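>>> heads up, no residue letters with this:
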């Protein structure tokens, strides 16, 4: 399983460690909220809103350097738009990997 | 360039803010989590550049552009590369950044925005300073060596902007090298009123008045305390 990293955050911060800490804290606060809305909409079988949630989560997937996972998220978002939940399990595993990573920071 | 950031994601606002902080020529005035707040802000503040997310709930980035009468130069920021063709149908859009935005790509976008700003301001700069008056319902303004006729009743707002005035009409806006005092002399007193040192309004175009401001079209205009009695006198109050 692909593992998250902080390469992008280091590359865009311009070496500003205070900003890196601040950004990680924003992600740690925002990610659980986005995840929770996604799970709620999936439970309610609202594929359109779930697709919107996946769309927003994609950005954090890419920020954490998960390139292959990003492709899975793109495909899953398209599936949801078309009314299919194929790739749900893979996508939710990515969310779990990100959760574990963020908890360690 | 004074800029604002519009993105419903706090992480994206923080990243764009940091990328801006690393560019000397950029000054971030505000960051907004939705387009509606930004529209209110733009009604009262001058902005050179907008970083705009497309995919936002309720009101998308494209809705935002279509709502603003004269949208500032705009750099779209999105996780979706599929809107690129649609994006360039709008004249205000100078670049399209796909998230996650790298510093190198961001720099390129700023160079494009700066180039677009120079071109626009050169094109709009009038060659003669004087606003010419005329008889009847027309006013001629000199822009780029052309005398352009403006139908006076169609003017709903004139705003002072340094050495220029911005004349807003139903059809179009005109930036003219002149002063508020000069154009005030050319406009009929029964229709126009100076409500603030920087604004003359067409009283017929008022939508509503609230405390110390009037709403004209989509513009919220401040009314100075000293000008308020004259404005109230001009209204047909029940």
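That came through fine. Because the structure is predicted, anything quoted here is derived from the model rather than measured.
>>> going forward, measure contacts between C-alpha atoms and count neighbours the same way
Noted.
>>> assign a three-state SS to the nearest residue to residue A:39 once chain neighbours are set aside, would you?
Take residue A:39 and drop its neighbours on the chain: the residue closest to it by C-alpha to C-alpha, 6 or more residues apart in numbering or on different chains is residue A:50, 8.0 Å away. Here residue A:50 is helix, with the state taken from DSSP: H, G, I helix; E, B strand; the rest coil.
>>> pretty sure residue A:50 sits against residue A:42.
Yes - assessed by C-alpha atoms under 8 Å, residue A:50 is found in contact with residue A:42 at 6.0 Å.
>>> and the two? Which one has more around it.
residue A:50 (24 against 19; other C-alpha atoms under 10 Å in any protein chain shown).
>>> tell me who's in contact with that one.
Listed by C-alpha atoms under 8 Å, 6 or more residues apart in numbering or on different chains, the contact set of residue A:50 reads A:38-39, A:41-42, A:80.
>>> gap between the most centrally placed residue in chain B and chain A?
Note on chain B: the residue nearest the mean C-alpha position is residue B:70, at 5.2 Å, using C-alpha atoms, centre = their mean. Noted for residue B:70: a distance of 29 Å to chain A, by C-alpha to the nearest C-alpha, to the nearest Å.
>>> that residue in helix, strand or coil?
coil.
>>> returning to that earlier point: just the buried residues from the contacts of residue A:50, in ChimeraX please.
Selecting the buried subset of the contacts of residue A:50 in ChimeraX, with 16 or more other C-alpha atoms under 10 Å in any protein chain shown as the burial test, is done by:
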select /A:38,41,42,80
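>>> how deep is residue A:6 tucked in, by neighbour count?
12.
>>> now residue B:155
Neighbours around residue B:155, by other C-alpha under 10 Å: 23.
>>> how about the residue nearest to it when sequence neighbours are not counted, what does it touch?
Of all residues not flanking residue B:155 in the chain, residue B:169 sits nearest, at 4.1 Å (C-alpha to C-alpha, 6+ apart). By C-alpha under 8 Å, 6+ apart, the contact list for residue B:169 reads B:154-157.
>>> out of those, which sit inside strands?
Of the positions in the contacts of residue B:169, B:155-157 sit in strands, assigned by DSSP state E.
>>> nearest to residue B:238, of those residues?
Distance to residue B:238 across the ones in strands among the contacts of residue B:169 (C-alpha to C-alpha) is lowest for residue B:156, with 23.6 Å.
>>> chain B contacts on chain A?
A:11-14, A:19, A:23, A:26-27, A:30, A:55-56, A:58-59, A:62-63 (C-alpha under 8 Å from any C-alpha of the partner chain).
>>> next helix or strand past the one helix or strand in chain B whose mean pLDDT sits lowest?
Sorting the helices and strands of chain B by mean pLDDT, DSSP states H and E puts strand B:131-132 at the bottom, at a mean of 42. For strand B:131-132, the following helix or strand on the C-terminal side (DSSP states H and E) is strand B:138-143.
>>> what's the first helix or strand after that following strand?
strand B:146-151.
>>> paired strands for that following strand, with orientation please.
Sheet pairing of strand B:146-151 (DSSP bridges) gives strand B:138-143 (antiparallel).
>>> if we can go back for a sec, farthest-apart pair in the residues of chain A next to chain B, please.
Most distant of these, by C-alpha to C-alpha, are A:14 and A:55, 27.0 Å apart.
>>> of those two, which one has the most company?
Taking other C-alpha under 10 Å, residue A:14 and residue A:55 do not tie; residue A:55 has more neighbours (20 against 15).
>>> let me see the contact set for the more buried one.
A:73-74, A:77, B:79.
>>> and residue B:79, by the same measure?
Going by C-alpha under 8 Å, 6+ apart, residue B:79 touches A:55-56, A:58-59, B:98-100.
>>> for residue B:165, see how far away it is.
Taking C-alpha to C-alpha, to the nearest Å as the measure, residue B:79 falls 39 Å from residue B:165.
>>> ok, residue A:31 next?
47 Å.
>>> ok, residue B:234 next?
24 Å.
>>> so between these two, which is more surrounded?
Between residue B:234 and residue B:165, counted using other C-alpha under 10 Å, the more crowded position is residue B:165 (21 against 13).
>>> so how many other residues sit close to residue B:229?
Neighbour count of residue B:229, defined by other C-alpha under 10 Å: 11.
>>> surely residue B:194 is in a helix?
No - assessed with three-state DSSP, residue B:194 is strand; it does not lie in a helix.
>>> how far off centre is stretch B:3-17?
Averaging C-alpha positions (C-alpha atoms, centre = their mean, to the nearest Å) puts stretch B:3-17 21 Å from its chain's average.
>>> just to revisit the earlier point, just the buried ones out of the residues of chain A next to chain B, please.
For the residues of chain A next to chain B, buried by 16+ other C-alpha under 10 Å: A:12-13, A:19, A:23, A:26-27, A:30, A:55-56, A:58-59, A:62-63.
>>> hmm, back to that, tell me the phi and psi of the residue nearest to residue B:155?
phi -120, psi 170 (degrees, to the nearest 10).
>>> ok, now how distant is it from chain A?
From residue B:169 over to chain A (counting by C-alpha to the nearest C-alpha), the distance is 39 Å.
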